[in-house]
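Enquirer: coordinates only, no sequence provided:
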């Protein structure tokens, strides 16, 4: 179903769209009261919320307006229900005539609860719908798992964990529980009162019959059915049954191929009982571990199989099998273990862009005064979303006013923020927050876009409030104390991004799906296409706000949570909204960006308009110091904007400021040219201002675009690169000066409670301007013509047992920038790369050399070489271009200020190897003079 329902074409927007210890919060008076006998205001520091909704307003309802409570079993009653999840329709009955569920997209499997049990599908072919604007791998039943005779009047949520859920059926005589989850090729079932029953949508073909293990093919998809030992599956047409005897369990799995049956049988009786993610931040790196808990129903095996999404397997060094699955998020790869870990460079966050020579103080002052002295700085906003937008707009300007010494304007803006936040943070007025004890949620009234009746978009709305509060806290720590207004800020955080699984008042990370790697916007998930999220950038706005609030208040656990959420979702945005590697969107989709991601796929659309400017801009706004991660995919930005202009019939008009700022992440000079041509004669987007846009574009023009290849050792640090010059920036929230160390070895001393910039001290020098055509490899990712440097080595990540011949997989990357020279048509690329596999058998290393002739971020020539099979004897071996070209695209010509990139990765094998650096034996020679 491409467009599940129509919405009014308002300018904005959609219907959907470490730990804060509960004891500490209770001590601060931040825990909602249990069901009170009468309506009351609950004090939280200097603020309060209500425990009942304002008169005339609604809470969660069906689509016909009937109030609804969570659809859960007795065992689950009293537990906070995770709304805004991939499976929430199990618990939130949005449509009164469907007491089961809508399609749920776990990937690789899809599910839908029906009276007789659980429909299971494995969609492998995309459909293009909505006039070519949407691709989807829609749920289509291959089979239904149930019990003989089961005819349940409803399905309820019985248990859940970080990315798994257990639906429950009962008709009085029979009960069935199944456990399903993201990345799980298995469905685990426990039942009583009937035999195990599998009904197929088409006549099955049996490819293996081993008694209690049956291999079948349905509609081209291979499944294995597992009954208890001693049982036997009986096939009668499209109905397959097996007696359970004295047991109560059985399972099924979708197989990547029929020859995988033996491997999957090994884990068929290791039943998943829960899932947990744990994260950490240290020294510029975010690490996360994803773990399934299991119990052995037969034997002692406690391992399992799980399939990783692209955003996960790109960042894991754990071994993977050769098995893969199709999904709307691209290829999923299978790991044979109950856990895996990822490691990513942390996404940068700043409270605002730093001071630069590109900004004219007088002009910025004029723009700031236009906003600060406006008759209505909040533009008439009354509901949670539009008030949030206005708060965000004003908050962005506070650091800018401070930066140019306009302290009176700064303080006026802070006063406006405090005043409006305190209105909302005090119950009983025209605007307030109200706690719903049935749904364990805090809703702001006046509500908007279904944030009340559907529990939509809380993370979008409240992210602006937390962001604004973080800016206030930067300048007034007393205001942010729990005993003042910080308690209410934390209550909003608990509603949207609660890091505690033991908090009885709010669910764990309400909207953020830790396995999918991004948030979901719909509270009920009641669509045929699953859940959805439109404005991924408003989701990361909350994550960045957590970084800033945690930093400003000294709450490192909350700061690190925000860093994990932002870093994780930034990769998902790059892959699933922008298709940065061009490996996710089906070729038949025909678009370079998605306005919305659905459980079943993605759409080139928004909820309220088909205007290309807004389709492309909705995943950019609000542009803040938390948006810098967008600069990590410059080629994708250029493709994105080129498509926008094609679809739009020319440059942006309505959201020109948002799209200029978007362009500045890749091409600051081009963005500035558009700003200059407009000369400030335009109407800003509702959450923007001329002051902020002017400062943003001119600052990046002066400093260069964000450089995600280098990270600082605190979350509030960033690097910008213009040509061959890097500028290092960081904000220090502490009361004493500190030195920030960056991943390239440079350091920056930052005074207390200040932002500082500089060229950095110490560390490896910036890449030397080339004086020849021979480049040496240096650890840290540099190619240099300098002949000095210490000998060392870098570790090449394992291929994980998967064939990556021709496709870089977690490569080592070395670059030289600002390269100029004339192409020697009689020469060719050459390299000598000492590699060592130690004593590991069956490894092969591969190299790719890419040339960007003008430094614009687009590679004009890409050469991939045949891999080099190392021997299992410790010692260096030489990998050279003489292995031969595997493929080449594009052509070479004159290079002016260009970039040369060398990538080295493991093409085959299951182990790490080393690449020598810092010596004249490890070199790349380019055909230029």
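Expert: Yep, that arrived. The structure presented is a predicted model; accordingly, all values stated were derived computationally and were not measured.
Enquirer: ok, residue 314 - contacts?
Expert: Going by Cβ atoms under 8 Å, 6 or more residues apart in numbering, residue 314 touches 571, 575, 810. In short, each C-beta sits where N, CA and C put it, glycine included.
Enquirer: sort out for me which of these are in helices.
Expert: Using DSSP state H, the subset of these located in helices is residue 571.
Enquirer: and the contacts of residue 314 as JSON lines, adding distance to residue 710 and pLDDT?
Expert: What follows is the contacts of residue 314, written out as JSON lines (distance: Cβ to Cβ, whole Å; pLDDT from 0 to 100):
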{"residue": "571", "distance to residue 710": "17", "pLDDT": "97"}
{"residue": "575", "distance to residue 710": "22", "pLDDT": "97"}
{"residue": "810", "distance to residue 710": "18", "pLDDT": "90"}
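Enquirer: and the contacts of residue 314, which are buried?
Expert: Buried members of the contacts of residue 314, scored by 16 or more other Cβ atoms under 10 Å, are 571, 575, 810.
Enquirer: which of the residues you listed sits closest to residue 498?
Expert: Checking these against residue 498 with Cβ to Cβ, the nearest one is residue 571 at 22.8 Å.
Enquirer: farthest residue from the center of the chain?
Expert: Of all residues in the chain, residue 826 has its C-alpha farthest from the mean position, at 46.4 Å, by Cα atoms, centre = their mean.
Enquirer: tell me how far that one lies from residue 392.
Expert: Residue 826 is 58 Å from residue 392, where distance means Cβ to Cβ, to the nearest Å.
Enquirer: repeat for residue 206
Expert: Distance, residue 206 to residue 392, using Cβ to Cβ: 59 Å.
Enquirer: same deal with residue 213?
Expert: Following Cβ to Cβ, the distance that separates residue 213 from residue 392 is 57 Å.
Enquirer: neighbour count winner among the two?
Expert: Using other Cβ atoms under 10 Å as the criterion, residue 213 and residue 392 rank with residue 392 on top: 26 against 20.
Enquirer: distance from stretch 435-442 to the middle of the chain?
Expert: Offset of stretch 435-442 from its chain centre (Cα atoms, centre = their mean, to the nearest Å): 26 Å.
Enquirer: then stretch 782-799?
Expert: Mean C-alpha position of stretch 782-799 versus that of the full chain (Cα atoms, centre = their mean) differs by 31 Å.
Enquirer: mind jotting down where the strands sit in the stretch 601-750 of the chain?
Expert: Using DSSP state E, counting those that start in this stretch, the strands of the stretch 601-750 of the chain run over 601-603, 705-706, 717-722, 725-732, 738-741, 747-750.
Enquirer: and residue 418, how many neighbours?
Expert: Residues near residue 418, counting by other Cβ under 10 Å, number 17.
Enquirer: excluding chain neighbours, what is closest to residue 452?
Expert: For residue 452, ignoring the flanking residues on the chain, the nearest one in space by Cβ to Cβ, 6 or more residues apart in numbering is residue 443 at 5.2 Å.
Enquirer: which helix or strand contains that neighbour?
Expert: Assigned by DSSP states H and E, residue 443 belongs to strand 441-445.
Enquirer: what are the pairing partners of that strand, and which direction each?
Expert: strand 432-436 (antiparallel) (DSSP bridges).
Enquirer: re earlier: return the distance of the residue nearest to residue 452 relative to residue 432.
Expert: Distance of residue 443 to residue 432, given as Cβ to Cβ: 10 Å.
Enquirer: these two: who's more crowded?
Expert: Under the criterion of other Cβ under 10 Å, the comparison of residue 443 against residue 432 puts residue 443 first, with 25 against 22.
Enquirer: identify the residues contacting that one.
Expert: By Cβ under 8 Å, 6+ apart, residue 443 lies in contact with 53, 59, 433, 434, 436, 451, 452, 455, 458.
Enquirer: what pairs with it across the strands?
Expert: residue 434.
Enquirer: and the one residue sitting closest to the centre of the chain, how close does it get to residue 511?
Expert: Closest to where the C-alpha atoms of the chain average out (Cα atoms, centre = their mean) is residue 569, at 1.7 Å. Shown here: residue 569 relative to residue 511, a distance of 11 Å by Cβ to Cβ.
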